[in-house]
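1. this is a predicted model, with the sequence first.
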Amino acid sequence: MQPVMGDLPADRVSVTRPFEGVGTDFAGPFMVKASHLRNAKIYKSYLCVFVCLSTKAVHLELVSALTTEAFIAALERFVSRRGLPSLIRSDCGTNHQGANRYLQEVQQFLTDKDKEIGQTLAKRGVTWKFDPPLCPHWGGIFEATVKSAKTHMRHVIGETILTFEELVTVLCRVEATLNSRPLCPLSTDPNDLEVLTPGHFLVGQPLTALPEYPYDAVPRNRLSRFQMLQQMAQDFNCRF
């Protein structure tokens, strides 16, 4: 006898557009330097992860701090490129709770000041759900993505300190790799040329990079900064 598996939440099996419902969490810190100068200032940055609850598509944003303001800015960038979600799930982090209070204050302000805008916002309102404290398994779909991205990125980047622009470039390549991963086992049917990936729901095909020279066997100290970024992305792709 085997225990019966519980039903998945409704937001995991609903037929919606990508990123209609998302889970979000943070990873890091990652050290970033202000410039390529010898004595450039080094500071911490963090990875904000958005995961589509229905397609497992991933959106990565780099933020400068674990604050409500930084998360709101990352959320605005996410919405501008992926659309407004109707549901956001997260843990009980203080930055997430602060962002939830901020959105509630904005909604209350617009509702009080302008009835028409308030009605429009109510139609497109965002529901924010917090997972219970000490229950990370409730957010397993985005916690697993955070673990994969963080673990592989630490192995790929190592002790190298990148600039903010360089780290964003690596993150975009990592995002493309995560959105090109198979969602189901490979088919044995020779007529099935491609396996289903999150990229198919976003652009209709896997998100693959431009053809480039393989730098996996080249020592890192012999590469230019741009070639080093390509090597990191290739290494992440091989590890994942």
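-> It's in.
2. use CA for all of it now, contacts and neighbours both
-> Noted.
3. which stretches of this protein have low pLDDT?
-> In the predicted model of the chain, residues 1, 6-13, 92-124, 131-142, 187, 190-193, 207-213, 237-240 satisfy pLDDT under 70.
4. one more time with 50
-> 106, 109-111, 113-114, 116-121 (pLDDT under 50).
5. the chain: strands as residue ranges?
-> 21-33, 42-52, 58-63, 87-90, 127-130, 162-163 (DSSP state E).
6. can you list these in TSV and add distance to residue 232 and mean neighbour count?
-> Below are these laid out as TSV (distance: least, Cα to Cα, whole Å; neighbours: other Cα atoms under 10 Å):
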stretch	distance to residue 232	mean neighbour count
strand 21-33	15	21
strand 42-52	17	21
strand 58-63	17	22
strand 87-90	29	21
strand 127-130	34	16
strand 162-163	11	20
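7. and these as JSON lines, adding distance to residue 216?
-> Output for the strands of the chain, formatted as JSON lines (distance: least, Cα to Cα, whole Å):
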{"stretch": "strand 21-33", "distance to residue 216": "23"}
{"stretch": "strand 42-52", "distance to residue 216": "25"}
{"stretch": "strand 58-63", "distance to residue 216": "24"}
{"stretch": "strand 87-90", "distance to residue 216": "37"}
{"stretch": "strand 127-130", "distance to residue 216": "42"}
{"stretch": "strand 162-163", "distance to residue 216": "19"}
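8. residue 89 reaches residue 53, doesn't it?
-> No: counting by Cα atoms under 8 Å, residue 89 stays clear of residue 53, with 9.1 Å between them.
9. which residues do the two both contact?
-> 21, 22, 23 (Cα atoms under 8 Å, 6 or more residues apart in numbering).
10. relative to residue 226, which of the strands of the chain is closest?
-> Nearest to residue 226, of all the strands of the chain, is strand 162-163, at 11.1 Å by Cα to Cα.
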